[in-house]
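Peer 1: with the sequence up front, the predicted model follows.
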Amino acid sequence: YFYFRTISSIQGPEVNINGRRFIMLGSNNYLGLTEDQRVKEAAIKAIKKYGTGCAGSRLLNGTIDLHEDLEAQIAEFFKKEASIVFATGMQTNLGCIQALVTQDCVAILDKFDHASIIDGCRLASGCFKRYPHNDMQSLERLLQCEPEKPKLIIVDGVFSMEGDLTNLPGIVDLSKQYGVRIMLDDAHGIGVMGKNGRGTAEHFGLEEETDIIMGTFSKSLATIGGFIAAKREVIEYVKHVGRALLFSASLAPPLAAAASMAFKIIKTEPERRKKLWDNAHFWAEGLKTLGFDTGYSTTPIVPVIIGNTDKTFEMCRYLEENGVFVSPVVPPAVPPGRALLRTSVMATHTQKQLERALEAFAQAGRKAGII
């Protein structure tokens, strides 16, 4: 069984599981900041000053100056007027989408969007429609329906299972043509994509055209939590209508402090991002050279597409025997016949670790009859 495995160490390039050491290729710790001493010290300092929690919701007694400082930092980083932070990324999408997709509104989603987006739409009073993955013609047909209704396109920046990018230029062109807004869930793009790590919108040069940027702290930002950044009027509205914010305890002080420090490091240490991309290119090219199908990934998330579910678990077992941790992803999380091993690299992986993992993949692939 390859789920709910118990790790007893820091989530670094290598982890301890049941007394064994594994090369970790299943983590979202892209920049390696969960083990950064500055991030840990910021969290410890916050605990000493504020305690371990805020004991209330943001609306009532749960807002502290750390939250507001972090929100100002986020707004400045993403060049937006304001931002609001939530306790988790899941709550961010639930609260924001529930607030914005009102009864007369239509949300339009990519079929590969994250489950939190779909669940947010289910909570909203408006309706939602989905188009085939990155299919701009199908998106346009949906935009043409019910022209009297306001619409919000909600899309992942980096798709979390296969590591490919949304067609943001195409979406922006259609949004201008049909007068609709864009919400970009860039959980896996922040800290990774763009010259300054501002994500997918920066990568494409479309930051101004992206109305709402949503992100999480649980990937490059080394902790847990979420946020949206947008125009001030949007943020004020969500603050007072988003139920997942109003009726939940606020982000704990050490988490807010850790995220703030991680943002500072992302801004001042671009070499981390360069090392991440060096590792991503080395890893992807190594897998392709061995003969594996890595799909359309252009990010540090590199899928190894197996197709058959049983073969996917067989590969995972062989890799586990050889000390490599990967995540098997099978239907319904992916379409039928698209079962895969989700791999992802970190800035802190060494080339030697990646070479060892490639050797394990080569052996496992041959045993399973994949290559």
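Peer 2: Perfect, I can see it now.

Peer 1: ranges for the strands of the stretch 201-350 of the chain?
Peer 2: Using DSSP state E, counting those that start in this stretch, the strands of the stretch 201-350 of the chain run over 212-216, 226-230, 301-307, 324-325, 327-329, 339-344.

Peer 1: need the ones you listed in TSV (columns: mean neighbour count and mean pLDDT).
Peer 2: C-betas here are computed from N, CA, C, even on glycine. Shown next, in TSV, are the strands of the stretch 201-350 of the chain (neighbours: other Cβ atoms under 10 Å; pLDDT from 0 to 100):
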stretch	mean neighbour count	mean pLDDT
strand 212-216	28	99
strand 226-230	27	99
strand 301-307	23	98
strand 324-325	22	98
strand 327-329	20	97
strand 339-344	25	98
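
Peer 1: got TSV for those, with distance to residue 294 too?
Peer 2: Output for the strands of the stretch 201-350 of the chain, formatted as TSV (distance: least, Cβ to Cβ, whole Å):
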stretch	distance to residue 294
strand 212-216	24
strand 226-230	29
strand 301-307	5
strand 324-325	16
strand 327-329	14
strand 339-344	9
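
Peer 1: nearest to residue 316, out of these?
Peer 2: strand 327-329 (4.6 Å; Cβ to Cβ).

Peer 1: how far off centre is the closest one?
Peer 2: Distance of strand 327-329 from its chain centroid, counting by Cα atoms, centre = their mean, to the nearest Å, is 16 Å.

Peer 1: from the contact counts, what lies against that strand?
Peer 2: helix 309-321, strand 339-344 (3 or more Cβ pairs under 8 Å, 6 or more residues apart in numbering; DSSP states H and E).

Peer 1: let's see 10 Å
Peer 2: Packing partners of strand 327-329 (3 or more Cβ pairs under 10 Å, 6 or more residues apart in numbering; DSSP states H and E): strand 301-307, helix 309-321, strand 339-344.

Peer 1: want to throw those into a markdown table with distance to residue 165?
Peer 2: A markdown table is the format used below for the helices and strands packed on strand 327-329 (distance: least, Cβ to Cβ, whole Å):
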| stretch | distance to residue 165 |
| --- | --- |
| strand 301-307 | 11 |
| helix 309-321 | 24 |
| strand 339-344 | 15 |
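
Peer 1: indicate which one of the ones you listed is closest to residue 99.
Peer 2: Nearest of the helices and strands packed on strand 327-329 to residue 99, taken as Cβ to Cβ: strand 301-307 at 29.3 Å.

Peer 1: adjacent strands (with direction) for the closest one?
Peer 2: Taking DSSP bridges as the criterion, strand 301-307 forms sheet pairs with strand 339-344 (antiparallel).

Peer 1: just the CA atoms of the strand it pairs with, as CSV, please.
Peer 2: Extracted C-alpha coordinates of strand 339-344, given in CSV (Å, rounded to 0.1, in the frame of the first residue of the first chain):
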residue,chain,number,x,y,z
ALA,A,339,-2.0,6.1,-14.5
LEU,A,340,1.4,7.6,-13.7
LEU,A,341,4.1,8.0,-11.2
ARG,A,342,4.3,11.7,-10.1
THR,A,343,7.9,12.7,-9.5
SER,A,344,9.1,16.1,-8.5
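
Peer 1: now the helix or strand following that strand: buried residues?
Peer 2: Using DSSP states H and E, the helix or strand that follows strand 339-344 in sequence is helix 351-368. Going by neighbour count (16 or more other Cβ atoms under 10 Å), the buried part of helix 351-368 is 353, 354, 357, 358, 360, 361, 362, 364, 365, 368.

Peer 1: stretch 115-131 too?
Peer 2: Judged by neighbour count (16+ other Cβ under 10 Å), stretch 115-131 contains these buried residues: 116, 117, 118, 120, 121, 124, 126, 128, 129, 130, 131.

Peer 1: narrow these to those in helices?
Peer 2: In this view, the buried residues of stretch 115-131 that belong to helices under DSSP state H are 116, 117, 118, 120, 121.

Peer 1: could I get those residues as CSV with pLDDT?
Peer 2: Formatted as CSV, these follow (pLDDT from 0 to 100):
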residue, pLDDT
116, 98
117, 98
118, 98
120, 98
121, 98
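
Peer 1: just those residues now: which is nearest residue 102?
Peer 2: residue 121 (11.9 Å).

Peer 1: thought that closest one was touching residue 113?
Peer 2: Yes. At 9.2 Å, residue 121 counts as touching residue 113 under the criterion of Cβ atoms under 10 Å.

Peer 1: any residues in contact with both of these two?
Peer 2: Common contact partners of residue 121 and residue 113 (Cβ atoms under 10 Å, 6 or more residues apart in numbering): 93, 107, 128, 130, 154.

Peer 1: tell me which of those is nearest to residue 279?
Peer 2: Closest to residue 279 out of those is residue 93 (29.0 Å), distances taken as Cβ to Cβ.

Peer 1: element containing the closest one, please.
Peer 2: Assigned by DSSP H and E, residue 93 falls within helix 89-100.
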